[in-house]
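Q: structure for this input, please:
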Amino acid sequence: MLLLATVLAPARALASPADVAATQAYLQANYRLVSTAASHIPVAERAISAVLGQVRRECPKAASGSPQDPESTQMSEEVIGTMVTSAYSRDLASIRQYLRAVAHLRWSNHALTAEVQSYVSRLKVLASLTQPNLCADVRSWATSHYTALPASNVAFDRRFVPSWVSLGEVPGSLARYENAEAHALAKRSASREEQISEFEAFKVETWGQIMSTLELWP
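A: Numbers count the residues shown, from 1 in each chain. Got it, this is the predicted structure:
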């Protein structure tokens, strides 16, 4: 702890009390968010598996014969969005709590404030999305002989794609404002974020299964 205090001392000397307080508040909110999300991983896994099960029951081969073009890419983005919104459904309360806690935070480092607020804005949009009707949208596209995406797909992708973020964000420039307690909190958050990232990487296989079931190629 003495070594840690020595390393962090110059940063604390340069940081204003307001910056230190904002950093502490941000890291506490982020830790609550990622801890809740990590604890919900089994539920999220079942939710994503349910999406695959629904596609297998209700619309297998719904995109059979579809081209591989920009429209198929947009439809594949809806597949991802369906998985994400279903997985985040149990986290909505904690996401909203996080947004309330950090939306007002500001730092003397304007770039850091902008980075945090950009993440907050994207996560706010993501939390407002409802799960799309994937089977209906794929069928509608097929009915047009793959010449016109349904309006629901276009509207969903327009909001989802630029807003898609993982849960948990600790900008590197926060470190200069961390005291020893905040530094320890950031390390604990990182371990939870790693759990979430590993889960998301593992679910790429399920995305591939959904795509194959639909016979949809990105």
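Q: from here on, contacts and neighbour counts on C-alpha atoms
A: OK.
Q: and the residue nearest in space to the middle of the chain, which of the three is it?
A: Taking CA atoms, centre = their mean as the criterion, residue 166 is the residue nearest the geometric centre of the chain, at 2.8 Å. Look at residue 166: counting by DSSP: H, G, I helix; E, B strand; the rest coil, its state is coil.
Q: distance check, it against residue 150.
A: Distance of residue 166 to residue 150, given as CA to CA, to the nearest Å: 27 Å.
Q: again, but for residue 173
A: Residue 173 is 42 Å from residue 150, by CA to CA.
Q: now residue 58
A: Going from residue 58 to residue 150 by CA to CA gives 18 Å.
Q: ok, the two, which is more surrounded?
A: Taking other CA atoms under 10 Å, residue 58 and residue 150 do not tie; residue 150 has more neighbours (17 against 11).
Q: my guess is the more buried one meets residue 135, correct?
A: No. Here residue 150 does not reach residue 135: they are 11.6 Å apart, not a contact under CA atoms under 8 Å.
Q: buried residues, the helix or strand harbouring residue 194. List them.
A: Using DSSP states H and E, residue 194 sits within helix 180-202. For helix 180-202, the neighbour count (16 or more other CA atoms under 10 Å) marks 182-183, 185-186, 189-190, 192-193, 195-197, 199-200 as buried.
Q: can you check stretch 59-68 too?
A: Buried, per 16+ other CA under 10 Å, within stretch 59-68: 59, 60, 61, 62, 63, 66, 67.
Q: tell me where the chain has helices.
A: 2-14, 17-39, 41-58, 70-87, 92-102, 110-128, 134-143, 151-163, 180-202, 204-214 (DSSP state H).
Q: any chance of the ones you listed in CSV, plus mean pLDDT?
A: Shown next, in CSV, are these (pLDDT from 0 to 100):
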stretch, mean pLDDT
helix 2-14, 48
helix 17-39, 97
helix 41-58, 97
helix 70-87, 98
helix 92-102, 97
helix 110-128, 97
helix 134-143, 98
helix 151-163, 98
helix 180-202, 95
helix 204-214, 98
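Q: buried set for stretch 42-53?
A: Neighbour count says stretch 42-53 has 43, 44, 45, 47, 48, 49, 51, 52 buried, by 16+ other CA under 10 Å.
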